[in-house]
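J.: sharing a sequence plus its predicted fold:
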Amino acid sequence: MALRAEIFKNPMFSKCSAGGISEYADAVTIMNVPGPAEPGEDAPGVFLVHGNTSGTVKIVPAVLNEKTHTYHEDTRYPMAGGAYVATSDSRFSEAVEKLLGQRFYGAVSLHDRFEAGKMAR
């Protein structure tokens, strides 16, 4: 079970994720935050993880392992595409606080953009 959260994006720039989650969905399911939701097409699975720099967090897509039916973090060097994830549910801010070691309130950058090239796996 996981927590559902909304995606916030500027409609003028909705294609900036290059085909990522924020291009087709308005919500996500945060797999590593407890809650009553299950991932689906309308709210794909994601993970809340440490950011690229100290003291930050980010949201990255989840990948389903077809054999074990479990989700894991997508590690293909995701980038921010201009969308953010937030919810008023206190479990979200508590999960961010646990990762950062300090209180948190606000939206978290959705890193759902992938580009081909040297860094891509």
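T.: Happy to help now that I have it. Residues are numbered from 1 along each chain as shown.
J.: can you pull out the strands in this structure?
T.: For the chain, strands defined by DSSP state E occupy the ranges 3-8, 27-30, 45-50, 57-65, 70-73, 84-86, 108-109.
J.: and the average pLDDT for the shortest one is what?
T.: In this case it means strand 108-109. The pLDDT scores in strand 108-109 average 96.
J.: residue numbering should commence at 12 henceforth.
T.: Understood, numbering begins at 12; the last thing we discussed is strand 119-120.
J.: helices or strands next to that strand in the packing?
T.: strand 68-76, strand 95-97 (3 or more C-beta pairs under 8 Å, 6 or more residues apart in numbering; DSSP states H and E). All C-beta spots, glycine's among them, are computed from the backbone N, C-alpha and C.
J.: paired strands for that strand, with orientation please.
T.: Looking at strand 119-120 with DSSP bridges, its partner strands are strand 95-97 (antiparallel).
J.: and the strand it pairs with, what's its mean pLDDT?
T.: 96.
J.: contact partners for the spatially closest residue to F115 that is not a sequence neighbour?
T.: Nearest non-adjacent residue to F115, counting by C-beta to C-beta, 6 or more residues apart in numbering: V107, 4.1 Å away. Neighbouring residues of V107 by C-beta atoms under 8 Å, 6 or more residues apart in numbering: 59, 68, 115, 119.
J.: tell me the two of these that are most distant?
T.: L59 and F115 (10.7 Å; C-beta to C-beta).
J.: residues shared between the contacts of those two?
T.: When C-beta under 8 Å, 6+ apart defines a contact, the residues bordering L59 and F115 alike are 68, 107.
J.: middle-most residue in the chain, spatially?
T.: I70 (2.9 Å; C-alpha atoms, centre = their mean).
J.: measure that residue to E77 for me?
T.: I70 is 23 Å from E77, where distance means C-beta to C-beta, to the nearest Å.
J.: how far off centre is the longest helix seen in the chain?
T.: Longest helix in the chain, counting residues (DSSP state H): helix 101-111. Computed by C-alpha atoms, centre = their mean, to the nearest Å, the chain-centroid distance of helix 101-111 equals 14 Å.
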